[in-house]
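Novice: got a sequence here, can you model it:
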Amino acid sequence: MGCTQISVNGMLTVPKHKPDIQSILRISTTTKIDKTITIRKKIFFTGHVCIRIEYVACSPDHSQPIHFLQAEIPFNGLLLHQFARERFNTCLQTRIRVSETEVVSPRMINTIVLLKLCKLKFSRIPKHSQQKCTKPSHGNHCKHTNPHCPPIQGSYCKKPPH
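Specialist: I've put the predicted structure just below:
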């Protein structure tokens with residue numbers, strides 16, 4: 001089974017309408033593969049990491065209100081596989097190996113995520129079809145759209161067909 005590892009780094013900024021960060025309570029990190037292209041033993045892929053942060057806000061009255069922040073960081077990469085061919089649709093399995101977040105300032109968060117991506121399966125694409133691979137589940141992402149992580153400007157997100 002072909003696998004590769006990539007690191008995804010990002011500096012997240014708290015939006016202007018949100019208060020400063022006092023401390024982070026919880027972080028949720030998920031991945032989504034947006035597109036795969038298979039060419040002669042190579043699988044090219046694009047996707048993004050969705051990061052959801054629950055934090056205690058700085059407040060002058062010391063009430064410590066809870067706020068939420070969400071961001072997406074795009075990534076791309078290459079996976080070599082001896083059986084990869086044109087006309088194959090490729091499903092990739094993603095695993096988050098390491099996810100670290102550091103509050104740099106009350107309005108800036110630095111994050112690094114180490115991903116392991118492995119070929120889950122190949123399927124032939126019929127000659128007269130634009131069939132897409134779909135297998136929505138936690139960790140196995142093939143053209144799955146997460147409704148809780150809407151696309152943001154500058155990401156590789158694609159809206160599902162209606």
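Novice: the residue most central in space within the chain: what's it in contact with?
Specialist: Nearest to the mean C-alpha position of the chain, by C-alpha atoms, centre = their mean, lies residue 49 at 2.1 Å. Residue 49 makes contact with 8, 10, 29, 30, 31, 72, 73, 75, 113, 115, according to C-beta atoms under 8 Å, 6 or more residues apart in numbering. The way it works is simple: take the backbone N, C-alpha and C, and place the C-beta from them, glycine included.
Novice: now do residue 100
Specialist: 111, 112, 113.
Novice: next one: residue 65
Specialist: 19, 56, 57, 59.
Novice: same question for residue 27.
Specialist: Shown in contact with residue 27 (C-beta under 8 Å, 6+ apart): 51, 52, 53, 54, 99, 101.
Novice: any idea how far it is from residue 83?
Specialist: 37 Å (C-beta to C-beta, to the nearest Å).
Novice: so for the residue nearest to residue 41 when sequence neighbours are not counted, what's the pLDDT?
Specialist: Spatially, and ignoring its direct neighbours in sequence, residue 41 is nearest to residue 84 (5.1 Å; C-beta to C-beta, 6 or more residues apart in numbering). On pLDDT, residue 84 comes in at 75.
Novice: with that, I have no additional questions.
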